[in-house]
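J.: Got a sequence here, can you build the structure:
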Amino acid sequence: MLDSPARAARLLGGSAVVTLGYTTAFTGATLTVIPHIAGLGAALVYLAALPVASLLPVPGGVVVLDTLLVAGELLDGASIVPAIVAVLLFRLITCWLVIPAGFFAYRRLTRQQQPETA
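T.: Below is the predicted model:
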C-alpha cells in the first residue's frame, strides 16, 4: 500500500465514503424516529460506537454495535423504545434494503459479461 500512493488514497477514500454513508444512514434513521435528538449527537454516537464494536470479532458488529447504538441514544436523551426502533430502522436500511439493489446490479453485470450465443 505504501508503494502506491494512488492505491492508498483510493482505499482510504473508499473507507471514508462508506463510513460517511453509514453515519448518514444512522443519523437519518434516528432523526426519523426521534426528531428532538440533535443530528450531530446521533452522528457522534455512531462514530463513537463503531471502533468499540470493531474490537469484538462479530460479523457486521451485529448485537454489539446495536447495543452500543441504543446505549448512545439513551445517553443522548432518547427513550428506550424509540432508540431501539431507530437502530432497527438503521439495520433495515443498511443490511436489508441493499440486497435488492445488489441483486439487480449482479444480474446486470453478469448479463453484460456473458458471451452472446447465436
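
J.: Work out which residue lies at the spatial centre of the protein.
T.: Nearest to the mean C-alpha position of the chain, by C-alpha atoms, centre = their mean, lies residue 22 at 3.1 Å.

J.: dump the residue contacts of that residue.
T.: Remark: with contacts taken as C-beta atoms under 8 Å, 6 or more residues apart in numbering, residue 22 is in contact with 46, 50, 94. All C-beta spots, glycine's among them, are computed from the backbone N, C-alpha and C.

J.: Throw together a PyMOL command that grabs the buried residues out of those.
T.: Entered in PyMOL, the line below selects the buried ones among the contacts of residue 22, by 16 or more other C-beta atoms under 10 Å:
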select buried, resi 46+50
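
J.: Any idea how far the helix or strand bottoming out on mean pLDDT in the chain is from the middle of the chain?
T.: Within the chain, no helix or strand scores below helix 98-113, which has a mean of 88 by mean pLDDT, DSSP states H and E. Mean-position distance between helix 98-113 and its chain equals 21 Å (C-alpha atoms, centre = their mean, to the nearest Å).

J.: what does that helix rub up against?
T.: Contacting residues not belonging to helix 98-113 are not present [C-beta under 8 Å, 6+ apart].

J.: how about the CA coordinates for it, as PDB?
T.: The C-alpha coordinates for helix 98-113 follow below in PDB (Å, rounded to 0.1, in the frame of the first residue of the first chain):
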ATOM      1  CA  VAL A  98     -29.200  -3.100  -0.200                       C
ATOM      2  CA  ILE A  99     -30.000  -6.700  -1.100                       C
ATOM      3  CA  PRO A 100     -32.400  -6.000  -4.000                       C
ATOM      4  CA  ALA A 101     -30.100  -3.300  -5.400                       C
ATOM      5  CA  GLY A 102     -27.200  -5.700  -5.200                       C
ATOM      6  CA  PHE A 103     -29.200  -8.500  -6.900                       C
ATOM      7  CA  PHE A 104     -30.100  -6.300  -9.800                       C
ATOM      8  CA  ALA A 105     -26.600  -5.000 -10.100                       C
ATOM      9  CA  TYR A 106     -25.300  -8.500 -10.100                       C
ATOM     10  CA  ARG A 107     -27.800  -9.600 -12.800                       C
ATOM     11  CA  ARG A 108     -26.900  -6.600 -15.000                       C
ATOM     12  CA  LEU A 109     -23.100  -7.300 -14.700                       C
ATOM     13  CA  THR A 110     -23.400 -11.000 -15.400                       C
ATOM     14  CA  ARG A 111     -25.700 -10.300 -18.400                       C
ATOM     15  CA  GLN A 112     -23.100  -7.900 -19.800                       C
ATOM     16  CA  GLN A 113     -20.200 -10.400 -19.300                       C
END
